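S.K.: okay, predicted coordinates and the sequence, questions at the end:
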Amino acid sequence: PVCQKVVSWTALTQAQHSEGFGETADGGHYYLAEDITANSSSSFITGPARKSGVPYVACFHLNGHNITNTGSGVIGGNSGILNVMGSGVVTGNRSTSDSNYAATVSINTTADTGVVNLYSGTYTKPESNKQKSIVSVNNNGGTINPNALEEIILPDSVETIGKSAFSGCSKLTSVTLPSSLMAIGDQLFQNCAALEEITLQQNIDSIGASAFANTALKKIDIPATVTSIGRSAFSGAKTLRKVTFVGNSRLSTLGGRAFENCAELEEINLPDTLAELQDGTNLLGTFKGCTSLKSINLPGVSKIPAQTFEGCSSLETVVLGDNLLEIGEKAFYGNTSLVSIEIPATVITIGTSAFEDCTSLKSAIFADGNAITSLGTASDANDNIFKNTPALKTVVLPNTLQFIGGHVFENSGISEVSFAAMTELTSIGDYAFANCDNLNKVTFKAPAAAVDGEDDAVVPTLTVGDSAFLNCKALTDDFKLPSYTTHIGAAAFQGCEFTK
């Protein structure tokens, strides 16, 4: 900062400033000449004011010394700008809920335009301090820029820390969290780009939204006491490689986008207790863009929301639990390394493009007892569930299937499909099997009169949509539609080699 170029500095000493210093002057430059322990009921030193809308600027240099205020915080913002620099430990000791001076470094209620730039220093509180934050900006605004903080030490008395308290500490590398801390608040360490490691204590029950977003964490152990992880909690933590849920985890809820774009994440052991992946607006894509993730086990969740694993290009193995009811839109879209998938018997809904562009997918098996009735939403829709899966050879569909939507298997490598056991299949949608170059055998249920000799059996009906089997060149003369087909759409068999 420009302060470092100034020759004339004012020395602060224990003898002269045991009751605090107060407001700094425009252009003032102050430094600690020695360690100071003060007892001021307000911040030891505060920034300058402004005049006619123009902020005054002052500087405070720790100069290798430590400062403690036993009566309140140490550094307070005003309506001007205060630059803090130099090495040294800054300790506030306010044990009150007073919003003006509740933190070691704070912007008070009148300083909606104030700025405190923390260029260096170590900021902490003693064991006896019950205040909520070390760094705090009140509701009226103001700005604290903790750009150069490298270390934060919290005493064991701290139970909560204010929202965004350390957000943007771009040089922060070391954090000591107390065992008394109950929760990791929203945005607590967001954008702490140098933070590579942190230890979470066993009392923590929740990790807030964006708490570790855009950090440099390489691994993290989640205590068994944590029951919820908020949206975007680790989003953008591109060096995070391993997430471990310790012991008998109680985790029940994982927020949307929680691990979005954690590009190096390879391993995460989700616990059996996890029942909910959050869904809804701005909550999609829990693991979206985790391009190094190789396997995932979801034993307890009832729904995989839209885009949950979209773009997880290294994901090879997926194990779905018996509680699963729904697979959302684009849930596994673009998982180019996924080889096989077994759909549990409990699943009743699969969303649009759920497995689209899974170019290595070889088999898709619906477990025995699966009662799904529809793959897709409409015969003319772009349902695309297994579209662009050229390696797909084996598909075992449930006997309860009644409807196949538009484009569901388009451009897949499927070679054989049997509808013979499907007693209620009524519709094959537009482009459902278009451009399936390997498809050479399709079998349908026999006409009703041929079933167990039941002449009075209900006669089914079947409609085949536009371009349903377009360019299925491997279909031969043996291919026959059942006699109960009531509609064949335009170009349904265009490009096929068979003649009837």
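M.R.: Everything's here; your move.
S.K.: you'd agree Asp26 is up against Gly80?
M.R.: Yes: between Asp26 and Gly80 there is a contact under Cβ atoms under 8 Å: 7.3 Å. Yep, even glycine has a C-beta here, placed from its N, CA and C like the rest.
S.K.: quick check: neighbours shared by the two?
M.R.: 48-49, 56-58 (Cβ atoms under 8 Å, 6 or more residues apart in numbering).
S.K.: could you measure from Ala165 over to Ile488?
M.R.: 66 Å (Cβ to Cβ, to the nearest Å).
S.K.: which one of those two has more residues nearby?
M.R.: Higher neighbour count among Ala165 and Ile488: Ala165, with 23 against 16, using other Cβ atoms under 10 Å.
S.K.: on that earlier part again, from the shared contacts of Asp26 and Gly80, which land in strands?
M.R.: Residues from these lying in strands, with DSSP state E as the criterion: 57-58.
S.K.: picking up where we left off before, between Asp26 and Gly80, who's got more neighbours?
M.R.: More crowded of Asp26 and Gly80, by other Cβ under 10 Å: Gly80, with 25 against 15.
S.K.: wouldn't the more buried one be in contact with Pro48 here?
M.R.: Yes: between Gly80 and Pro48 a contact is recorded at 3.8 Å, counting by Cβ under 8 Å.
S.K.: what touches both of the two?
M.R.: Residues touching both Gly80 and Pro48 comprise 26, 55-58, with contact defined as Cβ under 8 Å, 6+ apart.
S.K.: buried among the residues you listed? Need that as a selection in PyMOL.
M.R.: For selection in PyMOL, the members of those meeting the burial criterion (16 or more other Cβ atoms under 10 Å) are listed in this command:
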select buried, resi 55+56+57+58
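S.K.: now the two most distant members of the shared contacts of Gly80 and Pro48.
M.R.: By the measure Cβ to Cβ, the shared contacts of Gly80 and Pro48 have their two most distant members at Pro55 and Ala58, which lie 10.0 Å apart.
S.K.: shared neighbours of the two, anything?
M.R.: Between them, Pro55 and Ala58 share the contacting residues 48, 80-81, judged by Cβ under 8 Å, 6+ apart.
S.K.: lowest-confidence helix or strand of the chain?
M.R.: Here the helix or strand of the chain ranked lowest by mean pLDDT, DSSP states H and E is strand 135-137, holding a mean of 68.
S.K.: and the contacts of the helix or strand just after that one?
M.R.: Proceeding C-terminally, strand 135-137 gives way to strand 143-145 as the next helix or strand, assigned by DSSP states H and E. For strand 143-145, the surrounding residues in contact (Cβ under 8 Å, 6+ apart) are 77, 105-107, 114-118, 135-137, 168.
S.K.: so which of the residues you listed is surrounded by the most neighbours?
M.R.: By neighbour count, taken as other Cβ under 10 Å, the most surrounded of the contacts of strand 143-145 turns out to be Ser106 (33 neighbours).
S.K.: for it, give the beta-bridge partners.
M.R.: Each beta-bridge partner of Ser106 is listed here: Gly76, Ser136, as defined by DSSP bridges.
S.K.: how about Pro305, phi and psi?
M.R.: Here is the backbone geometry of Pro305 (degrees, to the nearest 10): phi -70, psi 170.
S.K.: for it, what are its contacts?
M.R.: Residues 256, 277-279, 283-284, 286, 328, 331 are the ones in contact with Pro305 under the rule Cβ under 8 Å, 6+ apart.
S.K.: ok, Lys473 next?
M.R.: Lys473 neighbours (Cβ under 8 Å, 6+ apart): 437, 495-497.
S.K.: ok, of those residues, which come out buried?
M.R.: In terms of neighbour count (16+ other Cβ under 10 Å), the buried residues within those are Cys496.
S.K.: quick one: which of the contacts of Lys473 is nearest Val301?
M.R.: Of the contacts of Lys473, the one sitting nearest to Val301 (Cβ to Cβ) turns out to be Asp437, at 36.0 Å.
S.K.: now tabulate the contacts of Pro305 in TSV and tack on secondary structure, pLDDT and neighbour count.
M.R.: Conversion of the contacts of Pro305 to TSV gives the following (DSSP: H, G, I helix; E, B strand; the rest coil; pLDDT from 0 to 100; neighbours: other Cβ atoms under 10 Å):
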residue	secondary structure	pLDDT	neighbour count
Gly256	coil	93	25
Leu277	strand	95	24
Gln278	coil	90	20
Asp279	coil	85	16
Leu283	coil	80	18
Leu284	coil	87	23
Thr286	coil	96	27
Gly328	coil	96	21
Ala331	coil	97	27
